[in-house]
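**Student:** Fold the stuff below for me.
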Amino acid sequence: MQPALKQGIDEIYCQLIPLRQLRLIVPRSCLAEVIRYAPPERSSPAPEWFRGLVQWTTLKVPVLSFEELCGRSAGVPGGRTRIAIFNAISGKLDTGYYGVLTEGFPQLVRVNREVIRLDDRQPWPPDGPVVCQIRMINEYPLIPDLERVEELLHRCLEGRGRQLT
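**Tutor:** Numbering: from 1, shown residues only. Here you go, the predicted model:
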């Protein structure tokens with residue numbers, strides 16, 4: 001997000017997405033919708049972070065636990081669990097969408113140079129799903145590498161031999 005701010009854009013509207021232990025921050029255009037949690041269909045062995053497929057509109061979209069993708073425990077879905085439907089940006093997912101488990105609803109926030117700082121206390125692997133962590137007032141959200149997330153989902157789905165419709 002800092003590169004966009006350096007190019008003359010003063011503010012960016014973002015979604016602060018609550019997970020169990022972490023928070024994500026993404027531009028608001030990344031989210032298509034937030035839906036009620038429904039248990040995803042899981043039919044074959046897959047990584048723990050890949051939760052399966054869930055019906056959304058006329059599509060079956062893949063759902064993931066971002067925390068488990070980062071190697072953390074995600075816990076059991078409960079009454080506050082939702083699925084944030086993301087617009088895919090890489091073109092690698094047939095449906096053009098995927099879901100991320102959340103704990104509650106995303107919050108719309110305005111981000112500008114004055115409220116964000118890079119927080120490099122925790123190193124993130126260069127090939128992982130996180131670009132960096134930032135400090136934003138009293139929050140420490142992660143900026144996810146959405147292209148990397150989609151690549152990992154694509155590999156997982158390709159390995160399952162499933163075409164999504």
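**Student:** which residues of the chain score low on pLDDT?
**Tutor:** Residue ranges of the chain with pLDDT under 70: 1-8, 160-165.
**Student:** Where is the longest helix in it?
**Tutor:** helix 146-160 (DSSP state H).
**Student:** helices or strands next to that one in the packing?
**Tutor:** strand 59-64, helix 66-69, strand 97-103 (3 or more C-beta pairs under 8 Å, 6 or more residues apart in numbering; DSSP states H and E). All C-beta atoms are positioned from the backbone trio N, CA, C, and that covers glycine.
**Student:** what does that helix contact?
**Tutor:** 26, 30, 43-44, 46-47, 50, 62, 64, 66, 69, 86, 88-90, 92-94, 98, 127-129, 164 (C-beta atoms under 8 Å, 6 or more residues apart in numbering).
**Student:** Take the helices and strands packed on helix 146-160 and write them to a markdown table, including mean neighbour count.
**Tutor:** Formatted as a markdown table, the helices and strands packed on helix 146-160 follow (neighbours: other C-beta atoms under 10 Å):
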| stretch | mean neighbour count |
| --- | --- |
| strand 59-64 | 23 |
| helix 66-69 | 20 |
| strand 97-103 | 23 |
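**Student:** Quick check: nearest residue in space to the residue nearest to the spatial centre of the chain, chain neighbours excluded?
**Tutor:** Residue closest to the average C-alpha location in the chain (C-alpha atoms, centre = their mean): residue 100, at 5.1 Å. Computed as C-beta to C-beta, 6 or more residues apart in numbering, the closest residue to residue 100 that is not its neighbour in sequence is residue 84, at 4.9 Å.
**Student:** burial of that neighbour, as a residue count?
**Tutor:** 25 (other C-beta atoms under 10 Å).
**Student:** That one: what's it in contact with?
**Tutor:** Going by C-beta under 8 Å, 6+ apart, the list of residues near residue 84 reads 15, 17, 31, 33, 34, 99, 100, 101, 102, 106.
**Student:** residue boundaries of the strands in this structure?
**Tutor:** Here the chain has its strands, by DSSP state E, at 11-18, 23-27, 31-36, 50-56, 59-64, 81-87, 97-103, 107-112, 116-118, 130-136, 142-144.
**Student:** Reformat these into a markdown table and put distance to residue 156 next to each item.
**Tutor:** A markdown table is the format used below for these (distance: least, C-beta to C-beta, whole Å):
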| stretch | distance to residue 156 |
| --- | --- |
| strand 11-18 | 21 |
| strand 23-27 | 19 |
| strand 31-36 | 20 |
| strand 50-56 | 5 |
| strand 59-64 | 7 |
| strand 81-87 | 15 |
| strand 97-103 | 11 |
| strand 107-112 | 29 |
| strand 116-118 | 30 |
| strand 130-136 | 18 |
| strand 142-144 | 16 |
